[in-house]
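> sequence plus the predicted model coming up.
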Amino acid sequence: MFHQLLTPIGGSLGLSFVIGALPIIVVLVLLGVLRRPGWQAALAGLVVGLLVAIIGWHVPAGIAIDAAVAGGVFALWPIMWIVVAALTIYNVAVVSGRFDAFRDWILEHLPDDRRVVLIVLGFCFGALLEGIAGFGTPIAIISSVLIMIGWAPLEALTYTLIFDTAPVAFGALGVPVTVLGTVTHLHDVTLAQMVGRQLPLFAFFLPFYVMFVFGGMRSLRALAPFLFVAGGSFAITQFITANFIDYRLTDVLASLVSLILSIGFLQVWRPVPDPRFAMKHLDSAQGRLSTISGWQGWLPWALVSAVVIVWTSFKIFAIAEHKIPWPGLNNAVFITLYNKPYGAVWDFQPLATGTAIFVSAVLTALLLRVSLRDFLSCFLRTFVQLRFAIVTVAFIIALAYVMNYGGMTYTLGKAVASLGGILFPIASAFLGWIAVFLSGSDTSGNALFGNLQVVAANQLGLNPVLFAATNSSGGVMGKMISPQNIATGVSVTDLVGQEGTVFRRTFKHSVFLTLLVGILALLQQYVLPWMIPGH
């Protein structure tokens with residue numbers, strides 16, 4: 001059994017931190033500075049990660065390579081299967097004319113204002129898709145709609161990525177919180193309540209923030225009532241559901257309430273027309289894109305919402321589940337920091353969430369009378385669109401596994417957790433941020449660092465519930481820069497290969513919002529302890 005080393009570089013935690021962070025630095029530099037395609041940045045990071053693990057952390061080469069393969073397989077199933085299934089629905093909607101009908105519904109029922117549409121689609125509707133599918137799916141679908149109504153692809157991707165934060169911690173019917181409770185041995189309901197006392201503040205703030213970045217103070221003033229309704233209804237519903245109803249329903253209820261109230265509010269209030277943000281004139285010569293009634297554009301998304309909720313509620317995903325110990329890796333590594341063996345069990349669920357979404361795609365095709373030939377064409381087209389995203393995600397998750405099993409991740413975590421006083425709350429948020437940047441998933445981020453946050457908080461005499469939750473809340477801000485999510489987003493645009501450009505646009509927002517999470521955790525620990533459940 002290989003025992004992980006925490007300070008292999010000169011016995012120094014600081015030096016080990018610097019060397020252990022090299023794979024992450026390589027990915028960041030290649031994406032953000034050199035603007036290389038995502039798959040190239042991820043591959044380079046994986047190669048550096050393997051070298052650092054084998055040479056610096058003395059990981060046996062067989063274990064390091066085995067970990068990379070295990071990560072790649074996990075990336076393909078269940079992660080990319082979810083994305084493939086969701087984008088198959090998107091392609092079915094396109095070929096059946098329902099995507100054009102959806103676009104027509106937007107132009108006919110919403111104000112002629114790109115700012116309003118951004119909030120309705122990017123924030124309200126995107127949160128619903130995140131709650132159902134996640135893993136970058138809403139970014140691809142929402143940005144496609146925005147591009148169809150006149151948005152530049154880079155702008156569409158940037159703002160949908162920023163919006164894909166507030167719902168993430170409760171995505172996929174609360175799975176990230178459930179996993180956080182499992183790894184920390186804290187009550188999942190209590191953790192959900194704590195997260196539900198952090199993220200609602202950002203959910204309310206986010207529409208104002210994005211509108212200020214997009215349209216400036218003038219747009220902020222012009223849309224203030226609408227922003228209050230969209231952000232306020234989401235935040236209040238998110239808080240109430242997470243704290244008093246059932247955290248598993250948080251995203252679904254919050255997004256639906258926000259979507260319905262926002263659209264309803266626009267029937268009685270509309271912003272003063274501003275030609276700079278008009279949409280319809282862009283298509284005035286073209287008119288409607290579809291002869292189908294606009295409301296039918298909602299059918300694919302309503303159907304997938306219903307199927308996934310039923311699928312999860314009745315635990316259909318657990319049928320025929322197989323837990324497969326990974327050969328040569330399961331319990332072959334000893335986690336020195338936690339003093340226990342590191343399991344490596346691939347939880348293969350043939351009827352996982354991705355399968356539920358694929359079933360929704362089949363039902364959608366049947367309902368909309370799409371031929372078998374056209375459906376298969378949609379399925380194959382999806383793989384063509386996602387070919388670079390699939391490779392990118394496989395490489396980046398493989399890197400995460402190498403760093404986890406090699407021990408570099410725990411060295412990084414221990415170094416961050418060693419910060420005391422007012423620095424730890426800030427570091428706590430960025431620890432979650434790093435984990436989600438690497439994995440693209442708040443669920444994986446919680447599994448990776450959730451328990452470390454609890455251990456560090458207990459050692460420092462801080463509240464463990466608060467900092468377990470901060471790992472999740474800080475992590476969601478890393479979604480917008482994760483190569484996995486960016487790669488999925490660019491897959492349906494003409495920006496394939498320009499992931500670095502997208503990364504540069506979102507990086508500063510990601511850092512700023514993560515910093516705010518850290519400051520909030522600092523205030524909740526030292527100034528506002530009454531916000532912590534059970535305090």
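Yes, it's here. Numbers count the residues shown, from 1 in each chain.
> give me the phi and psi for the residue most central in space within the chain.
The centre of the chain sits closest to K479, judged by Cα atoms, centre = their mean, with a distance of 4.5 Å. When quoted as degrees, to the nearest 10, the phi and psi of K479 stand at phi -60, psi -40.
> quick one: it and G489 touch, right?
No. Using Cβ atoms under 8 Å, K479 is not in contact with G489; the gap is 10.8 Å. Any C-beta I mention is one placed from the backbone N, CA and C, and that applies to glycine too.
> between those two, what contacts are shared?
L161 (Cβ atoms under 8 Å, 6 or more residues apart in numbering).
> for A75, see how far away the residue nearest to the centre of the chain is.
Distance of K479 to A75, given as Cβ to Cβ, to the nearest Å: 16 Å.
> ditto for P8
Applying Cβ to Cβ, the value for P8 to A75 is 27 Å.
> between these two, which one's more packed in?
Neighbour count, other Cβ atoms under 10 Å: between P8 and A75, A75 has more, with 25 against 21.
> quickly note the distance from T411 to G421.
Taking Cβ to Cβ, one finds T411 at 22 Å from G421.
> please disregard the earlier target; I meant N330.
39 Å.
> same check, this time on A67
A67 sits at a distance of 35 Å from G421 (criterion: Cβ to Cβ).
> out of these two, which sits in the busier spot?
When A67 and G421 are compared for neighbours, A67 comes out ahead with 30 against 10, by other Cβ under 10 Å.
> hang on, that one packs against A400?
No. A67 is beyond contact range of A400, at 9.4 Å (criterion: Cβ under 8 Å).
> can you tell me how far the nearest residue to G38 once chain neighbours are set aside is from V391?
Nearest non-adjacent residue to G38, counting by Cβ to Cβ, 6 or more residues apart in numbering: E499, 3.7 Å away. Distance from E499 to V391, counting by Cβ to Cβ: 12 Å.
> what of I147?
24 Å.
> try I422
I422 is 42 Å from V391, by Cβ to Cβ.
> looking at these two, which is more packed in?
Set I422 next to V391 and count neighbours by other Cβ under 10 Å: V391 wins out with 20 against 12.
> hang on, the more buried one packs against W39?
Yes. Shown here, V391 and W39 form a contact pair, counting by Cβ under 8 Å, at 4.6 Å.
> strands along the stretch 51-200 of the chain, start to end?
With DSSP state E, counting those that start in this stretch, there are no strands along the stretch 51-200 of the chain.
> neighbours of the closest residue to L259 other than its chain neighbours, how many?
Closest residue to L259 apart from its sequence neighbours, by Cβ to Cβ, 6+ apart: C124 at 4.0 Å. Taking other Cβ under 10 Å as the criterion, the count of residues near C124 is 25.
> next: S482.
Neighbours of S482 (other Cβ under 10 Å): 29.
> can you check the one 3 residues further on too?
Residue neighbour count, defined by other Cβ under 10 Å, stands at 34 for N485.
> and the helix or strand hosting it, what's its mean pLDDT?
Assigned by DSSP states H and E, N485 belongs to helix 483-490. The average pLDDT for helix 483-490 rounds to 84.
> and what of stretch 34-43?
Here stretch 34-43 scores 88 as its mean pLDDT.
> how about stretch 149-161?
pLDDT averaged over stretch 149-161 gives 89.
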